[in-house]
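Peer 1: Provided below for reference: sequence and predicted model.
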Amino acid sequence: MRINSTDYTIRILNSDGSEPEICGNGIQCFAKFIAELDNLQGTHSFTVHISTGLIVPKIQDDGKVKFNMCEPILKASDVPTKLPPNKDQSVVKSDLNVDGVIWNMTCASMGNPHYVTFGTSGSQNLTSINQI
């Protein structure tokens with residue numbers, strides 16, 4: 001179904017039946033599905049209507065998908081998180097002790113809370129998303 005002359009429309013549902021503002025993984029999977037369904041080669045973009053508006057995924061030459069979700073919310077009280085904030089009121093590269101293991105944590109919200117770690121304190125932290 002097309003809405004407002006978009007190429008595609010997708011409705012994303014959480015396991016409880018609620019509709020999120022956006023789902024980055026879902027949009028990436030949907031864009032890859034469309035690229036394979038339409039046998040798209042090289043760089044392509046198309047418009048997708050979601051519950052909160054319009055997004056434009058772009059399939060790169062290497063097959064990866066890029067699109068603009070929005071600026072992440074980093075203010076600890078707005079994420080929300082109970083982890084203590086840094087001086088700038090965010091929780092970025094903060095320590096979290098889990099059973100004696102110190103994890104380097106960043107808390108962000110893209111409409112729902114995300115808690116991101118790239119490794120533990122004292123270990124060799126991952127430096128590239130390709131290593132995850």
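Peer 2: Structure's in. What do you need? Residues are numbered from 1 along each chain as shown.

Peer 1: List the buried residues for the lowest-mean-pLDDT helix or strand in the chain?
Peer 2: Counting by mean pLDDT, DSSP states H and E, the weakest-scoring helix or strand in the chain turns out to be strand 113-120, with a mean of 85. Of the residues in strand 113-120, those buried under the neighbour-count criterion (16 or more other CB atoms under 10 Å) are residue 118. Using the backbone N, CA and C atoms, a C-beta is placed for each residue, glycine as well.

Peer 1: hmm, who's touching it?
Peer 2: Defining contact as CB atoms under 8 Å, 6 or more residues apart in numbering, one finds that strand 113-120 is touched by 72, 79-81, 96, 101-108, 125-127.

Peer 1: Widest-spaced pair of those residues?
Peer 2: Between any two of the contacts of strand 113-120, the greatest separation by CB to CB is 28.7 Å, found for 80 and 127.

Peer 1: Quick check on those two: which one has the bigger neighbour count.
Peer 2: Neighbours around residue 80 and residue 127, counted as other CB atoms under 10 Å, are more numerous at residue 80. The numbers are 12 against 9.
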